[in-house]
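J.: have a look at this prediction, sequence included:
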Amino acid sequence: MAKEFQFNWRSAIPDTLVKGTIFDRYDDESTCLELGAHFRIDEFAFYLYWQIDGRDTVIIDLAQLWEARPCSTVPKDGRVLFELEQRGSRETLEERTVWITHSADLVNVQSFYVVAQDGETAREWRNGINELLKNYKMRHLCPTTCLMKHWRYLCLSLNDRHKIPIRNIVKTFSSGKPEKMVHKCLSDLGLAGDKYVVTIRRTWQRKIRNLIKCSTARKQKEREELDVELFTFEKFLRLYHKICPRTDVQELFVKLSGQKEYLTKDRLINFLNDEQRDIRLNEILFPFFDNDRVQQLISKYETDENYIANGKMSGDAFLRFLMSDENAPVFLDRIDLFQDMEQPLGHYYINSSHNTYLTGRQYGGKSSTEIYRQVLLSGCRCIELDCWDGTGENKGEPIITHGKAMCTDVFFKDVLYQIRDTAFARSDYPVILSFENHCSKSNQLKMAKYCMEIFGEMLQTKPFDDYPLEPGVPLPSPNRLKRRILIKNKRLKADIEKHQMEQFLREGKLDEEDEMMETPEVVGEDTVSPPDEDTSDDDDPSVQSSSNVVRRVCSSTTSGASPSTSQLTIASSCTSSPRPLQVDRPDYLSTSSPSDTLNRTCSTGRRSKFSLRSMTSSIRRSGGGATSGLSSQNSAGSSHNSPQRRHTHNHQLIST
C-alpha cells in the first residue's frame, strides 16, 4: 500500500493549444499538403489531434511525441513550396514552421511539418509541446487513468459528422471477444447508436442489387454512430467491466465480505492493515488505517449514497479503489527527484547507450545522426561515438561507424550538432560522450576543434580547481556538472597535447614528425630506462623486458595498415644476440599464457608488426598506459578511473 499522496499527473496546458490553431500540414515523404487543419491538444494532455472538414480525426499520442523543433529547411516538392508561400506572411517559411517528430520506438521515427500564419504562433506551439513532453509523471498512470486515456481516444476519434463510430468502440474490445458480445453489451447499456442508411437507386438491376446486398448491410452496420455527449466515462467503465470482468477481484471481494454485497468498515480496515499493507513501512510515516481514513475512501469511491451513509463499500467501489493511484506499485512521492545528487559522479548508475549511432544490426547496419537526438530525448546521459578516419569522398574528415562491419557512416561533426541541440532538452544533468577513438592525429585534433566550436561553453575543458583529477580525489557531483558535456577519451601527455593543438589551430596542420610519432623523451614515462644504461638481467627475461621501450607509431605510417593493427618500434639496450621480449605481469596473473608473451625475436632498431590485443590487456592490468577520464587525463590507479576498453588507439603510449 502506497503512502497517502496526492499524485498530480496533469500539466498546465496553454489555452492556445487547447482551443486549437489552424495550420497547413505537409510531409516530405508523401509530398502531401493539407490546408486548414485544426490542431489541438486535449484537456488532459493525452493526445495531439487535428481534423480537416470532410475527414476523420487524426490522433497522435503525446507519449509517442519526441519533440517539436524549429525547421531550417523548406519543402522539397516545388508544388508544396509554392502553395505555402502563396498563403504566407512577411515572415519566412522557416520561422512559421514547426517540425514534429514521433514514433513508438527509437528507430522508426516519423515526422511532419505544420506551418502557422505567423512566427509567434509557431513558437508558442513549439514551446508548449516541448514543455508538456517533460511531464514524466504521465508514464506512471494508474489503471483507471489509463482507461480514461483510452476513453478520451474514442471521444476524439470522430467521423466527418462529429460523432463516434460504433465500429471504433467494437474494435477496441473485439480482441479475443466476439463482436456480437460487444454489440450486445452496448445495447444493454443503451449505447447501440443510430443508423443512417444509404438508399439504393431503383434504376439498378435486380442482379446488381443481389450482389451488393451483403456489402450494403455491412456498410449500414459500420455507419452506426454515437453522440459524444452520451458516451461518458462512467458508461465507458461500465462497458469495460461488463465486457472484461475482473473475476479475480470478484472472488477476493466475496471472500472478504463473507458472501455479502458490501464490505463493512471493520472488514475493510482488517484488509488494508493486515493484507494490503507492507509490514516494512514505518508506522509514523505510514500510519495504519482507522475508521476516519476508511470512511474517506468509501466517500471517494462509492457511488451509492446509502452505502456511504452506513459506512459500506460495494464491489464496484472496491474495484475502483484497487485500480486507483492509492494502490500504485511504487511510492508516488518517489517519482519526483528525492535522491541526494551531491555525491561524486562515480557513485551513480548512469543511463547509457552502446553503439548509439546504429539503428539496427551491428553488421551491415545503418548509422544515423537522428538516433542521437532520440536517445538523448529518451533520457540517456552517456552515449558512444566510434570515431574513424574517413575514406574516399570523406577522406580528411572524422566519421562515426562500426569499424570493419560494412555499416554506413555519418560525419562526426553532424553528430555533434544533434548532441548540442538535445543534450539538455529533457534533463540538466551532465552528458558523457564516450569516444572510441581510431582516428589519426590530424583527425583527432580536428575532432577537438569541432567539439570546442560546436559545444562552446557547454564543454568541460578542464577540471574544477576544487576537484583536481588526481588519485584519491573524487569526481564532482551531478549538481556541480549540470548542463556540462564531458568527454571520456584516452589522451596524450598534457604538454604535448597542448602544443600540437595550438599548432593545429594556428596552421591547420601538423608537422610531419609530429604526425608520425612522438619520441620517448617527449612522450615516454619516467620509468623508461635510458638506452645507454644496462639494467637488464641476462638470466631473467621478465627483468630484461623492463629495459625495452615499446612506443606506438601511428598506423598511417604503414600504407594499407588497418586501424586495429599497430606498428611498433622496439629499442633494446642489449647489443648481444636477439632475445625474446616479454611483458611484465602482476604476480596474481599467470605468465605462462602464450597469448600474453611476445615471442618475437627482435634486434636493436628492428621493427616488428604484430597485434597488440594481448599486450595492451596485460599492460592495463598492471597499471601502465593511458587511462580513461572525463575531459582530462586520470592517473593510473585513481579511484575514479573508468574500466579500460580492449580497443587500441592510435595516440596511446604503451610502455613497459
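T.: Cool, the structure landed. Small disclaimer: the values here were computed from a predicted structure and weren't measured. Numbering: from 1, shown residues only.

J.: distance of the nearest residue to residue 423 once chain neighbours are set aside from residue 474?
T.: Among residues not flanking residue 423 along the chain, residue 431 sits closest, at 4.6 Å (C-beta to C-beta, 6 or more residues apart in numbering). From N, CA and C alone the C-beta is placed, and that goes for glycine too. Taken as C-beta to C-beta, to the nearest Å, the spacing of residue 431 relative to residue 474 amounts to 20 Å.

J.: what count of nearby residues applies to the spatially closest residue to residue 89 that is not a sequence neighbour?
T.: Take residue 89 and drop its neighbours on the chain: the residue closest to it by C-beta to C-beta, 6+ apart is residue 118, 5.8 Å away. Taking other C-beta atoms under 10 Å as the criterion, the count of residues near residue 118 is 14.

J.: just the one 4 residues further on next, same as before
T.: Other residues within reach of residue 122, judged by other C-beta under 10 Å, total 24.

J.: contacts only, for it.
T.: Counting by C-beta atoms under 8 Å, 6 or more residues apart in numbering, residue 122 makes contact with 95, 96, 97, 98, 115, 116.

J.: got it, and residue 301?
T.: Taking C-beta under 8 Å, 6+ apart as the definition, contacts of residue 301 comprise 313, 317, 318, 320, 321, 324.

J.: please type out the PyMOL selection for whichever of the residues you listed turn out to be buried.
T.: Once 16 or more other C-beta atoms under 10 Å is used to decide burial, the buried members of those can be selected in PyMOL as follows:
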select buried, resi 313+317+318+320+321+324
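
J.: can you tell me which of the contacts of residue 301 are in strands?
T.: Counting by DSSP state E, the part of the contacts of residue 301 found in strands is residue 313.

J.: got the contacts of residue 301 as TSV, with distance to residue 423 and pLDDT columns?
T.: Rendered in TSV, the data for the contacts of residue 301 read as follows (distance: C-beta to C-beta, whole Å; pLDDT from 0 to 100):
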residue	distance to residue 423	pLDDT
313	50	96
317	48	94
318	48	96
320	43	93
321	43	94
324	38	90
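
J.: nearest to residue 179, of the contacts of residue 301?
T.: Distance from residue 179 was checked for each of those by C-beta to C-beta. The minimum falls on residue 320, at 27.7 Å.

J.: from residue 312, how far out is that closest one?
T.: Between residue 320 and residue 312 the distance, using C-beta to C-beta, works out to 15 Å.

J.: so where's the stretch 351-500 of the chain uncertain?
T.: Judged against pLDDT under 70, the low-scoring parts of the stretch 351-500 of the chain cover residues 492.

J.: please enumerate the strands of it.
T.: Using DSSP state E, counting those that start in this stretch, the strands assigned to the stretch 351-500 of the chain run over residues 382-389, 398-400, 410-411, 431-437, 485-489.

J.: so how far is the shortest one from its chain's centroid?
T.: I take that to be strand 410-411. 20 Å (C-alpha atoms, centre = their mean, to the nearest Å).

J.: that one packs against which elements?
T.: Contacting strand 410-411 under the criterion 3 or more C-beta pairs under 8 Å, 6 or more residues apart in numbering; DSSP states H and E are the following elements: strand 398-400.

J.: for the strand it packs on, which strands pair with it and how are they oriented?
T.: Strand 398-400 sits in its sheet next to strand 382-389 (antiparallel), strand 410-411 (antiparallel), going by DSSP bridges.

J.: show me which of residue 431 and residue 474 is the more surrounded one.
T.: The neighbour comparison of residue 431 against residue 474 (other C-beta under 10 Å) goes to residue 431, with 22 against 13.

J.: right, and the more buried one touches residue 487 too?
T.: No. Between residue 431 and residue 487 there is no contact under C-beta atoms under 8 Å: 9.9 Å.

J.: okay, and residue 152 sits in which element?
T.: Residue 152 is part of helix 143-156, with elements assigned from DSSP states H and E.

J.: output the contacting helices and strands for the next helix-or-strand element following that helix.
T.: With elements assigned by DSSP H and E, the helix or strand that comes after helix 143-156 is strand 164-165. Helices and strands in packing contact with strand 164-165 are listed as strand 225-226; criterion 3+ C-beta pairs under 8 Å, 6+ apart.

J.: do that again at 10 Å, thanks
T.: The criterion is 3 or more C-beta pairs under 10 Å, 6 or more residues apart in numbering; DSSP states H and E, and the helices and strands that strand 164-165 contacts are helix 143-156, strand 225-226.

J.: distance to residue 335 for the contacts of residue 301 - can I get that in CSV?
T.: Shown next, in CSV, are the contacts of residue 301 (distance: C-beta to C-beta, whole Å):
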residue, distance to residue 335
313, 28
317, 26
318, 26
320, 22
321, 21
324, 16
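
J.: quick check, nearest of the contacts of residue 301 to residue 54?
T.: The nearest member of those to residue 54, counting by C-beta to C-beta, is residue 320 at 40.1 Å.

J.: tell me the phi and psi of the nearest residue to that closest one once chain neighbours are set aside?
T.: Nearest residue to residue 320 in three dimensions, chain neighbours excluded: residue 301, at 4.7 Å (C-beta to C-beta, 6+ apart). Its backbone dihedrals place residue 301 at phi -110, psi -10, with angles given as degrees, to the nearest 10.

J.: same check, this time on residue 408
T.: Main-chain dihedrals, residue 408, degrees, to the nearest 10: phi -70, psi 160.
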